[in-house]
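Novice: Need the 3D shape of this:
(chains A, B, C, D and E, ligands or ions: 4)
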Amino acid sequence: MESDPTMTALLQVRRLTKAFGSLTVLSGVDFDVERGEVVCVLGPSGSGKSTLLRCINHLERPDAGVVALEGEIVGFRRVGQALHELRGSELARQRSQIGMVFQRFNLFPHRTILENVLEGLCVVKKEPRDTARPRALELLDRVGLAGKVDSYPNHLSGGQQQRVAIARALAMRPKLMLFDECTSALDPELVSEVLAVMKDLAREGMTMIVVTHEIAFARDVADRVIFMDAGNIVEQGPAGDVLGNPQVDRTRSFLARVM
Amino acid sequence: MESDPTMTALLQVRRLTKAFGSLTVLSGVDFDVERGEVVCVLGPSGSGKSTLLRCINHLERPDAGVVALEGEIVGFRRVGQALHELRGSELARQRSQIGMVFQRFNLFPHRTILENVLEGLCVVKKEPRDTARPRALELLDRVGLAGKVDSYPNHLSGGQQQRVAIARALAMRPKLMLFDECTSALDPELVSEVLAVMKDLAREGMTMIVVTHEIAFARDVADRVIFMDAGNIVEQGPAGDVLGNPQVDRTRSFLARVM
Amino acid sequence: GSADPTADTAANTQAPLYNRLPERIQKSGVLKIGGSATVAPYVFKDGNEIVGMDKDLMDALVGVLGVRLEFHDTPYESIITGLKSQRIDVAMGNLSDTRERQAVADLVDYRMVPQSLLVPTGNPKGLTSIDNLCGAVVAGVAGSLSDEQVATEQNGKCKAAGKPGVGFSAFQDATAAILAVQTKRADIMILNGAVATYISNTTKKTEVAGKPFRPRYHAALVLKTNTDIRDALVAAFTELIENGTYAKLLAKWDLAYTAIPAPRVNAGTT
Amino acid sequence: MTNVSSALRDSDGTASVDTMATMKIAPVRRPVQWIATGVVLILLVLLLVSVGRNPNMGWDVVGHYLLDDAVLRGVRWTLVLTVLIMALATALGIVVAVMATSGNRVLSATAALFLWFFRGTPLLVQIIFWFNLALIFPRLGPAMFLGEGFGGVETNSVINWFVAALLAFGLHQGAIMSEIVRGGFLGIERGQTEAAQSLGMTAAQTLRRVLLPQTLRIIVPPSMNQFVDVLKGTALVAFIAGQDLLSSVQFIYAKNFQVIPLLIVASIWYLALVSVATVVQYFVERRLGLGYGK
Amino acid sequence: MTNVSSALRDSDGTASVDTMATMKIAPVRRPVQWIATGVVLILLVLLLVSVGRNPNMGWDVVGHYLLDDAVLRGVRWTLVLTVLIMALATALGIVVAVMATSGNRVLSATAALFLWFFRGTPLLVQIIFWFNLALIFPRLGPAMFLGEGFGGVETNSVINWFVAALLAFGLHQGAIMSEIVRGGFLGIERGQTEAAQSLGMTAAQTLRRVLLPQTLRIIVPPSMNQFVDVLKGTALVAFIAGQDLLSSVQFIYAKNFQVIPLLIVASIWYLALVSVATVVQYFVERRLGLGYGK
Ligand SMILES: Nc1ncnc2c1ncn2[C@@H]1O[C@H](COP(=O)(O)OP(=O)(O)OP(=O)(O)O)[C@@H](O)[C@H]1O
Ligand SMILES: Nc1ncnc2c1ncn2[C@@H]1O[C@H](COP(=O)(O)OP(=O)(O)OP(=O)(O)O)[C@@H](O)[C@H]1O
Ligand SMILES: [Mg+2]
Ligand SMILES: [Mg+2]
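Specialist: Residues are numbered from 1 along each chain as shown, chains lettered A, B, ... in the order given. Ligands and ions are numbered 1, 2, ... in the order given. Presented below is the predicted three-dimensional model:
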């Protein structure tokens, strides 16, 4: 695992395979994500998009294949010719390098939004509260919530909650951010405020994998679009190509329905 | 209340006012719905759309003003110069004439979908199961779920659940159907199957009030569009006019954001 | 366990029967006696203090044995287990000597107490002897031995004579049984004569009816393996009877009629 | 079509990501788990042997009394009492929970008072009170409110130990069940009530057809705790000359001093009854869980 | 702008919809509610008077013993016991619930066994067993598993009534609390764990920072039921010569036979303690509810 981090892609996904019982959800997925790249993942419901993201930060244990961040395998340790699953703090350290934003926000309802953002810093990174606090406030300001730091999540709108969730993930200074349909649970008018924050992030060079149904966002922001169906990558390429001129039937029929 | 039903509109809403504490959510709303008309209600979150629908079938008690179905006041009885709230079976009878479909489906999870549809018929209308059953099956067939009659709601996709909810409401042979953002909780690909059922309904002459964010649906199906903001009807008229050429600033800015 | 604060005299090797004690008790200088402190007038609590006829006897016993008394309030459930686990050496109180119990422990009999009939004041049903109980309901204490037996016997006799039978209910303890008499749920209680006298003197709502009957031995319990302690107890009771302390104490509690001439071992016959 | 950019290196003995992607993922092994299992089992066996061979446990006495008539009669009474009490308590709990959540202030205050009193007073006291009700009200009926003269039935003829136990346990458990049922109501989404209302169901129909069936699923596990509680709690009837399982063994050991073996007899029966109840619960939950989960 | 089409008729005395829209909506009146309140209150007062004036209640005796030293000592012991037991049971409950939900089969089987045994055996039996533990294990330590010779501390010197009560109640309530805590865990969305994991928290951090604080809110109400249960249940220590509230009044009425007044004394104290606990619960729930609801 002594690979030179500057030579390989930031994220490498190889032969990633996952089944739930008899249902194969990912059947050998391969792709890379370069530093600073924004990749949008599209596909019908049940095609395995969420499972792909969850395997990347090892919330789900793959059945075969690997995910590597800066050349380091995520969730496993190599012992001889086999991979052994990591546990405890080592896995936690790897996960802390990958931020994730969920469809249902998943903020901690018993903590104010400032505390939500501080949580990772103070508990995982063990930063003292004094130094963590200014950074948390700065992040909340950046997502436009400077005035709400002492509110509880349930007292915010969905859009505001999702922006807090993004700030919470950013606080860990992740190398890669994963977004899983992070606007699908929002009222249409609130979608744009979250997408705006994500566009800013992309502009600032954050590496991102975005599972979304917002075709317009994919067209504007994505460097690359991946279209998944039934656990496979059916088509991928620059956003303009895939969205404007899909090569595969399945992609075409899907786009027709959601656009 | 001996008004001639053929002379008045099916639904009359007059001076409808509702506040929650100090927050006025409806401030004197007036409109009519004719028989067979499809009215789409648009507006930003919190503008009072849901509250309006809920006042129409008296799930919410208005503070002032009335709702009348075929000239009969819903939820109140006139005594001298005042209105007294109805309770129990009389109110229940009125509600059974107005079908409602919710954003979150609200199917009864402990009953199969056939039982869900039978529930109103057998319990409220007291029809014997033998005669109710063919009608329920026919309705489930019509919404494309003939093959799933013995499944439980939680085992269905969101789009399927919402179609069951429509069938359940239709079983009561309502004079008016209310739809409250009935596709917002659905995956994008599933939205169309529910909208298709609603289009069929409209074509068959059902009177409908549809709160929605699906502008395309409003344009295609609505006879009239009502735009609400802050508890008032800001603008209303034929779908083409309101959507194509909005007269009011608020409407314009809203449409810009969601289209 | 609650050691009695009043009994903290040091071991007295000069006491008449000190040398009768087994070595381990001599060494510790303490005799641990257990009993349930809820049965007046035998052992009960007066405020924070343990008192009663049997408590006085215990003090006198350790006096002639030359050791200190450590009293452990030991409810019925824990008496045998307490003896076996050596939490206590001896158990005393309202404990009758019966054949069944002789199978479990050795019983040193030191008193003979009859049964009495307790009725509401004025004895509304005129019940004066176990022979005219037909048609009455008897209340008793669960596990006390005679009441149920008497009720069953009399029930049989009444039925045989073509009269209404005798009902019986057993209660957790004497207090619950007394409530049953007070609420007229039961007409009469059959219970230990000393307890009956104490109750009728204390509450004024009940009185003792007729004559005492069917006396039985009260005993101090020791494990069958502890013959040394058993023999020491026999000697100590003999000494108390001979030096007059025994009679004095019984008289103090109005229980002179329960005196026996000499202690016996496992003499119960029912 | 892919833009794979990783170098296929295998220098200094480390495998490339591509090589590793072909490696076997080791099956999860839990040596600690197996050692722990072993240690726990050995300790358990040693403990069981140690307890089993202890003469103080009196296994012969246990065997002798396990199927004794008096014990079996006690088991029957315990079961009958428990079932009746739980039925009463559940019905009462539902009524009180409906009152508490009705939004009618008189009803909800009455429910709160009921809960406070019957949950707060020791059961033993309640049992003794009910059994000795005649002490306070010699006659039941108008006489209770207006005085002796106004007549009513004689209290002692109505209230025997069984009725007193039913009343005391029923009211006490009813109070506890009302909290459980109220919790169940809170666990049902508001949308369920609204869906029922918009179909035209009355409040009673909504309760019967929509709320209660769904509450059932939520309240079965905590009710099970209560069932077990009552099963064992009925031992208190010993104070009012009742005849349940525990009091029947108490009667026996009061005579023969075989406390430990007879308590073991009772424990075996209680564990057996609880085990049967747990199995029943499993099937009930499975039936009620139809339509939920996977 | 509106297309109002209703006719403004006012024939045959019926008002048009437009007229009715201007009418006052009558404030909700509930005459039945007020009559019911009256009747309930009057009956309650009559009952209270009837009970209050009943000589059998012995109110003078109640007054005399309410603040009696022995009773106050009982109250103190009851409180100390209850608080310690609940602390023990909660800690134990959390551990067992974590074991039960850990996914590790040995741990969850151990948890199930623990629950089955300690919930299923009558508390009375457990108390008597613990108190008389010396009967089975004269010495605690290696001797328990290997035999007398291997030494350990003398059991009777360790286990007095207080320790026995703590052990028996603590284990029994711990089993019940574990079910409550497990229910609490089930009530937390899966997303919470995943959010914590994806921040890089370890399992222990997730438990401590995310799951437990949220569980707390859910488990406070059922724990309150348990607290009240233990408060009153400690009366069982009477069987091992304990000194709680109920046994202290039992000692008194064993001497003077004033059963009813002394049970009233105990009831008053229990109700008072339960009321205080309820008030505390209210504030705790309010604190824990921060961030939820409106
Ligand atoms: N834990 C699980 N156990 C069993 N099956 C699962 C599990 N998680 C996901 N699945 C199944 O795997 C399939 C793919 O799920 P996944 O969530 O990855 O799809 P998706 O592309 O994210 O869909 P959506 O757009 O609906 O979120 C689905 O059929 C789903 O039911
Ligand atoms: N039961 C209630 N108590 C207090 N406030 C309420 C209640 N129901 C709704 N409100 C408030 O009334 C306002 C209008 O709510 P309503 O649900 O009618 O809006 P809406 O137009 O349907 O919005 P959305 O598009 O988000 O569904 C909101 O500010 C809401 O918070
Ligand atoms: Mg997904
Ligand atoms: Mg709404």
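Novice: CA only for contacts and neighbour counts going forward, please
Specialist: Noted.
Novice: which of the residues in stretch C:115-135 are buried?
Specialist: Under the neighbour-count criterion of 16 or more other CA atoms under 10 Å in any protein chain shown, stretch C:115-135 has C:115, C:116, C:117, C:118, C:119, C:120, C:123, C:127, C:128, C:130, C:133, C:134 buried.
Novice: what about the first one, helix or strand, and which?
Specialist: This means residue C:115. strand C:106-120 (DSSP states H and E).
Novice: Can you tell me the strand partners of that strand and which way each runs?
Specialist: Using DSSP bridges, the neighbouring strands of strand C:106-120 in the sheet come out as strand C:188-192 (antiparallel), strand C:206-222 (antiparallel), strand C:264-265 (antiparallel).
Novice: mean confidence score for the second one?
Specialist: Strand C:206-222 shows a mean pLDDT of 91.
Novice: C-terminal to it, what's the next element?
Specialist: Under the assignment DSSP H and E, the closest C-terminal helix or strand after strand C:206-222 is helix C:227-243.
Novice: and the next helix or strand after that following helix, what other elements does it pack with?
Specialist: For helix C:227-243, the succeeding helix or strand toward the C-terminus, using DSSP H and E, is helix C:245-252. Applying 3 or more CA pairs under 8 Å, 6 or more residues apart in numbering or on different chains; DSSP states H and E, we find helix C:245-252 packed against helix C:53-65, helix C:227-243.
Novice: what's the nearest residue to residue C:233 if we skip its chain neighbours?
Specialist: Once flanking residues are discounted, residue C:233 sits nearest to residue C:108: 7.4 Å by CA to CA, 6 or more residues apart in numbering or on different chains.
Novice: roughly how far is the strand holding residue C:115 from the heart of the chain?
Specialist: For strand C:106-120, the gap between its own C-alpha mean and the chain's C-alpha mean amounts to 7 Å (CA atoms, centre = their mean, to the nearest Å).
Novice: Quick check: buried residues in the helix or strand of chain D with the lowest mean pLDDT?
Specialist: Counting by mean pLDDT, DSSP states H and E, the weakest-scoring helix or strand in chain D turns out to be helix D:143-146, with a mean of 73. Of the residues in helix D:143-146, those with enough neighbours to count as buried (16+ other CA under 10 Å) are D:143, D:144, D:145.
Novice: CSV for those, including distance to ligand 2?
Specialist: Output for the buried residues of helix D:143-146, formatted as CSV (distance: CA to the nearest ligand atom, whole Å):
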residue, distance to ligand 2
D:143, 48
D:144, 46
D:145, 44
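Novice: and which of those is nearest chain E?
Specialist: The closest of the buried residues of helix D:143-146 to chain E turns out to be residue D:145 (CA to the nearest CA; 5.3 Å).
Novice: That closest one touches residue E:50, doesn't it?
Specialist: Yes - counting by CA atoms under 8 Å, residue D:145 does reach residue E:50; the two are 6.4 Å apart.
Novice: so who does the residue of the stretch 151-270 of chain C found nearest chain A touch?
Specialist: Proximity to chain A, evaluated over the stretch 151-270 of chain C using CA to the nearest CA, is greatest for residue C:172 at 50.8 Å. When contacts are counted by CA atoms under 8 Å, 6 or more residues apart in numbering or on different chains, residue C:172 is found next to C:141, C:142, D:238, D:239, D:240, D:241.
Novice: of the residues you listed, closest to chain B?
Specialist: residue D:238 (42.6 Å).
Novice: mind listing what that closest one touches?
Specialist: Shown here is residue D:238, whose contacts under the criterion CA under 8 Å, 6+ apart are C:171, C:172, D:244, D:247.
Novice: Which ones among those lie within helices?
Specialist: In helices, judged by DSSP state H, the following of the contacts of residue D:238 are found: residue D:247.
Novice: What subset of the contacts of residue D:238 is buried?
Specialist: Among those, those classed as buried by neighbour count (16+ other CA under 10 Å) are C:171, C:172, D:244, D:247.
Novice: Least confident of those residues?
Specialist: By predicted confidence, the buried ones among the contacts of residue D:238 are weakest at residue C:172, whose pLDDT stands at 73.
Novice: Quick one: the helices in the stretch 51-200 of chain A, in order.
Specialist: Under the criterion DSSP state H, counting those that start in this stretch, the stretch 51-200 of chain A carries helices at the ranges A:88-96, A:113-119, A:129-142, A:158-170, A:188-203.
Novice: Look at residue A:117 and say how many residues are nearby.
Specialist: 30 (other CA atoms under 10 Å in any protein chain shown).
Novice: ok, and the closest non-adjacent residue to it?
Specialist: Nearest one to residue A:117, counting by CA to CA, 6+ apart, is residue A:168 at 4.3 Å.
Novice: which residues touch the one you found?
Specialist: Contacts were defined as CA under 8 Å, 6+ apart; by that measure residue A:168 touches A:116, A:117, A:118, A:120.
Novice: Just put those in CSV and tack on distance to residue E:179.
Specialist: Compiled in CSV, those are given as follows (distance: CA to CA, whole Å):
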residue, distance to residue E:179
A:116, 29
A:117, 32
A:118, 32
A:120, 30
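Novice: Report the separation between the residue of the stretch 101-250 of chain D found nearest chain A and chain B.
Specialist: Using CA to the nearest CA, the single residue of the stretch 101-250 of chain D nearest to chain A is residue D:189, 16.8 Å away. Taking CA to the nearest CA, to the nearest Å as the measure, residue D:189 falls 8 Å from chain B.
Novice: How many neighbouring residues does that residue have?
Specialist: Burial of residue D:189 is recorded as 11 neighbouring residues (other CA under 10 Å).
Novice: ok, back up a step: what sits opposite the residue nearest to residue C:233 in the beta ladder?
Specialist: When bridges are taken as DSSP bridges, the partners of residue C:108 come out as residue C:220, residue C:265.
Novice: same deal with the one 4 residues further on?
Specialist: In this entry, residue C:112 is beta-bridged to residue C:217, by DSSP bridges.
Novice: Contact partners for it?
Specialist: Residues touching residue C:112, when contacts are defined by CA under 8 Å, 6+ apart, comprise C:215, C:216, C:217, C:218, C:258, C:259, C:260.
Novice: Quick check: residues of the stretch 101-250 of chain C near chain E?
Specialist: Counting by CA under 8 Å from any CA of the partner chain, the residues of the stretch 101-250 of chain C lying close to chain E are C:175, C:179, C:199, C:202, C:203.
Novice: so when I look at the second one, I'm seeing a helix, right?
Specialist: Yes - the secondary structure assignment for residue C:179 places it in a helix, going by DSSP: H, G, I helix; E, B strand; the rest coil.
Novice: Nearest spatial neighbour of it, chain-adjacent residues omitted?
Specialist: Nearest non-adjacent residue to residue C:179 (CA to CA, 6+ apart): residue D:132, at 7.1 Å.
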